[in-house]
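In: Fold the stuff below for me.
(one chain, ligands or ions: 1)
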Amino acid sequence: MANTWWELQILCEPNLEDSIFWRLENFGCRGAASEKRGHYSLVRSYLPEFQAQLLDLAALSLWLRQDALCLGLSAPVVNWQLIDEQDWASSWKQHWQPQEIGDRFLINPAWLPIPENSQRLILRLDPGVAFGTGAHATTQLCLESLEMRLGKENTSFFDNKQEKKHTVIADIGCGSGILSIGALLLGADRVYAVDTDPLAVKSTLENCALNGISSESLVTAQGSIEVVTKLVEQVDGIVCNILADVIIELVPHMSAICKPSTWGIFSGILLEQSSSVADALEQSGWVVATLWKRKEWCCINVRRS
Ligand SMILES: C[S@@+](CC[C@H](N)C(=O)[O-])C[C@H]1O[C@@H](n2cnc3c(N)ncnc32)[C@H](O)[C@@H]1O
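Out: Residues are numbered from 1 along each chain as shown. Predicted coordinates for the structure are as follows:
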């Protein structure tokens, strides 16, 4: 019998999109995409049928309404229906389009042709069931921070000659692998990518191959910071786009892989959580350098000294 999926359709004000994406991710949805509908956005997302009962969907709908009220926006219109696996794959692909991020990246869905004349770094992606299509503000802030960090740091002047540094990065909570691949496209030499979700590890491996990246350049494993500490002694940079509470828990364990010059990019933080994350980072020896905001999210860039 064919597997069935819930297709959720949420018509909302564009400003509500980000918090909807986040709710859907936490609810266990596999993939979300949005399209413009006049002045509104239509978000579609998918979830295996066995993961949610009608009552769960009703609760999700209520949370989405409450989020809208808290933000002073009109309540979204939420609908759901069951579709089979084949329809799920094609619906998802139909609604996800190439997207430019920052000054350098173009995220190109794996099933679309690669644009011929683009000057951008093409990041090919099939996120499958993992988080990380580039549609979410927290991912965009990380990619833009990587652009700034690696563009600036990957070359140094020595005896008037430009010399490339050997840069090693840890990506904690890699999802689809979007940030790891982005870092490698920007010139990083090796990334250690970990995620507690085995499906994310699978997706990272698939996207790694899709972009012609070797398994020596992108080393991926299931787990979290404790796995990275076993794989590598020290890294030049850490990128971590998870929820604030998880970041606060993980930060003290990151010191084990830091050099005096290590930098960090921490995202997935709601604006009102920024000071508690910044406090946790400072207590673990980081200096907060910049805080980038997009909608209700922020991304904290830090360095060791
Ligand atoms: C918001 S997604 C980020 C995905 C991708 N890095 C991006 O920026 O789009 C967060 C990911 O962190 C993973 N995760 C959650 N808790 C974690 C933990 N304690 N250690 C490692 N990964 C974790 C989740 O499974 C999820 O794939």
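In: Going by C-alpha atoms from here, please, whenever you check contacts or count neighbours.
Out: OK.
In: For Ala221, grab the count of nearby residues.
Out: 22 (other C-alpha atoms under 10 Å).
In: got a list of what the residue in the stretch 201-305 of the chain positioned nearest to the ligand touches?
Out: In the stretch 201-305 of the chain, the residue that lies nearest the ligand is Ser224 (4.0 Å; C-alpha to the nearest ligand atom). When contacts are counted by C-alpha atoms under 8 Å, 6 or more residues apart in numbering, Ser224 touches Ile172, Gly173, Val194, Asp195, Thr196.
In: Report pLDDT for it.
Out: At Ser224, the pLDDT value in this model is 97.
In: Would you mind giving both backbone torsions of it?
Out: phi -140, psi -150 (degrees, to the nearest 10).
In: Please apply the same query to Thr133.
Out: phi -100, psi -10.
In: so it makes contact with Leu125?
Out: Yes: applying C-alpha atoms under 8 Å, one finds Thr133 in contact with Leu125, separated by 7.3 Å.
In: and for these two, which residues touch both?
Out: Here Thr133 and Leu125 share the contacting residues Ile107, Ser176, Ile178, scored by C-alpha under 8 Å, 6+ apart.
In: still on that earlier bit, so which of the contacts of Ser224 reach the ligand?
Out: Contacts with the ligand within the contacts of Ser224, counted by C-alpha under 6 Å from any ligand atom: Ile172, Gly173, Asp195, Thr196.
In: which two in those are spaced the farthest apart?
Out: Ile172 and Thr196 (9.1 Å; C-alpha to C-alpha).
In: The chain against the ligand: which residues are in contact?
Out: So far as C-alpha under 6 Å from any ligand atom goes, the chain lies against the ligand at 131-132, 139, 172-175, 179, 195-197, 200, 223-224, 241-242, 246.
In: And the buried ones among the residues you listed, selectable in PyMOL?
Out: In PyMOL, a selection of the buried entries from these looks like this (16 or more other C-alpha atoms under 10 Å):
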select buried, resi 131+132+139+172+173+174+175+179+195+196+197+200+223+224+241+242
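In: Pass me the low-pLDDT residue ranges in the stretch 1-150 of the chain, would you?
Out: Low-confidence segments of the stretch 1-150 of the chain (pLDDT under 70): 1-2, 88-90, 92, 127-131.
In: What residue in it comes nearest to the ligand?
Out: Gly132 (3.3 Å).
In: what about the helices in the stretch 51-200 of the chain?
Out: Under the criterion DSSP state H, counting those that start in this stretch, the stretch 51-200 of the chain carries helices at the ranges 54-70, 85-95, 137-153, 178-185, 198-210.
In: Tell me which of those helices approaches Cys258 most closely.
Out: Smallest distance to Cys258 across the helices of the stretch 51-200 of the chain (C-alpha to C-alpha): 16.3 Å, for helix 137-153.
In: Just to check, the residue of the stretch 1-150 of the chain closest to the ligand is in contact with Thr139?
Out: Yes: counting by C-alpha under 8 Å, Thr139 is a contact partner of Gly132 at 6.8 Å.
In: Where does Ser34 sit, in terms of helix or strand?
Out: strand 32-37 (DSSP states H and E).
In: got the contact list for that strand?
Out: Phe21, Leu24, Ser41, Leu42, Val43, Arg44, Ser45, Tyr46, Trp92, His95, Trp96, Ala135.
In: 6 Å instead, please
Out: Identification of contacts with strand 32-37 by C-alpha atoms under 6 Å, 6 or more residues apart in numbering yields Ser41, Leu42, Val43, Arg44, Ser45, Trp96.
In: That strand pairs with which strands, parallel or anti?
Out: If you go by DSSP bridges, strand 32-37 pairs up with strand 40-48 (antiparallel).
In: can you list contacts of the partner strand?
Out: Contacts of strand 40-48 (C-alpha under 6 Å, 6+ apart): 5-14, 29-35.
In: what sits opposite Ser41 in the beta ladder?
Out: The partner residues for Ser41, given DSSP bridges, come to Cys12, Lys36.
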